[in-house]
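Engineer: Provided below are the primary sequence and the corresponding predicted coordinates.
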Amino acid sequence: MAENAEEYVPDFDISRPTIARVYDAILGGKDNFAADREGAAAYMKHVPNSKEVAIDNRLGLEKGVAYMARHGIDQFLDIGAGLPTMRNTHQVAQEINPDATVVYVDNDPIVLAHGRALLATNETTTIVTADLRDPEGILDHPDVKKVIDFERPIGLMVVGLFMHFHDEENPGEWVGTLLDACPSGSYLLMTDFADTGEPQQKAIEQAGLEALGNGWVRKPEKILEHFQGLPLVEPGLDWVPRWFPGEPDREVPAAEDLAPHNRIMMAGLGYKA
């Protein structure tokens, strides 16, 4: 694992839930506290299949990373990575290209601690404490600059994170700043809660607001705006169980045949020509 420039781990308040730890609790992990478990319970109350929604999100990550790795991307910047869980970015990418490098970014200090333990013997992957709200801070972080070569194509990832920012915060600008630093040939992988007017989608929004004070659903056309005008790899933006990038002719279930909880999370992969 690459050495972190800053050994100081910021204080954190375990009485307040965080995105990473609530997500861990939903998935049945152990890296969480009472407040996080209460947040997970709020999700389960409103959307009993919240664990399956979280799994959809991870499957979106896995499919997108695998596509990028197969198409020559050998360095990944994973923003809002969360706690180590099923099939992490470095595992998917390095299974295809053992030399792939990965930088995980998260604003929860406990992610740094657990990430270091996980990656102790991995020299091509590191984790830093930073925040999407400060994209310049990410780009200027010495560990990011040490691992990521901004002269070569990058797999930029904002997976399962965008829904936690309100549109009034203009999160698209943060992504735009990061994307501007990525050269031609880069990709942008995103997943988000979608709003097509179905009850389970509003239910997960209510769950997020109750559990974390954030977590909004968006119309698909609004999600598309956050790709900054990039053309999307076919089949474009779709529900994760139907989304297989680069396989537009693959036989997939009709959207109406998906279980309601499978019509919450959408995924897309943009290409920067």
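Structural biologist: Thanks, I have the structure now.

Engineer: which helix runs longest in this protein?
Structural biologist: When the chain is parsed with DSSP state H, its longest helix is helix 50-70.

Engineer: quick one: the strands in the stretch 151-273 of the chain, in order.
Structural biologist: Taking DSSP state E, counting those that start in this stretch, the strands of the stretch 151-273 of the chain run over residues 155-158, 187-193, 238-239, 265-271.

Engineer: parallel or antiparallel, which strands does the first one pair with?
Structural biologist: For strand 155-158, the paired strands and their directions (DSSP bridges) are strand 75-79 (parallel), strand 187-193 (parallel).

Engineer: which helices and strands does the following helix or strand past the first one pack with?
Structural biologist: It refers to strand 75-79. Later in the chain than strand 75-79, the nearest helix or strand by DSSP states H and E is helix 89-96. For helix 89-96, the packing partners by 3 or more Cβ pairs under 8 Å, 6 or more residues apart in numbering; DSSP states H and E come out as helix 50-70, strand 75-79, strand 101-106. Any C-beta I mention is one placed from the backbone N, CA and C, and that applies to glycine too.

Engineer: low-confidence ranges in the stretch 1-150 of the chain?
Structural biologist: For the stretch 1-150 of the chain, the stretches flagged by pLDDT under 70 are 1-12, 120-121.

Engineer: and the helices and strands packed on helix 89-96 as JSON lines, adding mean neighbour count and distance to Gly236?
Structural biologist: Shown next, in JSON lines, are those (neighbours: other Cβ atoms under 10 Å; distance: least, Cβ to Cβ, whole Å):
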{"stretch": "helix 50-70", "mean neighbour count": "22", "distance to Gly236": "13"}
{"stretch": "strand 75-79", "mean neighbour count": "25", "distance to Gly236": "22"}
{"stretch": "strand 101-106", "mean neighbour count": "26", "distance to Gly236": "26"}
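
Engineer: can you lay out these as a markdown table showing distance to Asn214?
Structural biologist: A markdown table is the format used below for the helices and strands packed on helix 89-96 (distance: least, Cβ to Cβ, whole Å):
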| stretch | distance to Asn214 |
| --- | --- |
| helix 50-70 | 16 |
| strand 75-79 | 16 |
| strand 101-106 | 16 |
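
Engineer: give the contact list for Leu83.
Structural biologist: Ala20, Arg21, Tyr23, Asp24, Gly29, Asp31, Asp108, Ile110, Val111, His114 (Cβ atoms under 8 Å, 6 or more residues apart in numbering).

Engineer: do you know how far it is from Leu224?
Structural biologist: Separation of Leu83 from Leu224 (Cβ to Cβ, to the nearest Å) stands at 29 Å.

Engineer: how much space is there between the residue lying closest to Ala273 once chain neighbours are set aside and Asn262?
Structural biologist: Once flanking residues are discounted, Ala273 sits nearest to Ser184: 6.1 Å by Cβ to Cβ, 6 or more residues apart in numbering. Between Ser184 and Asn262 the computed distance is 34 Å (Cβ to Cβ).

Engineer: more neighbours: which of those two?
Structural biologist: Asn262 (19 against 8; other Cβ atoms under 10 Å).

Engineer: per-residue pLDDT, the closest residue to that one other than its chain neighbours?
Structural biologist: Excluding the flanking residues, the one nearest Asn262 by Cβ to Cβ, 6+ apart is Pro241, at 5.0 Å. Looking at Pro241, its pLDDT is 97.
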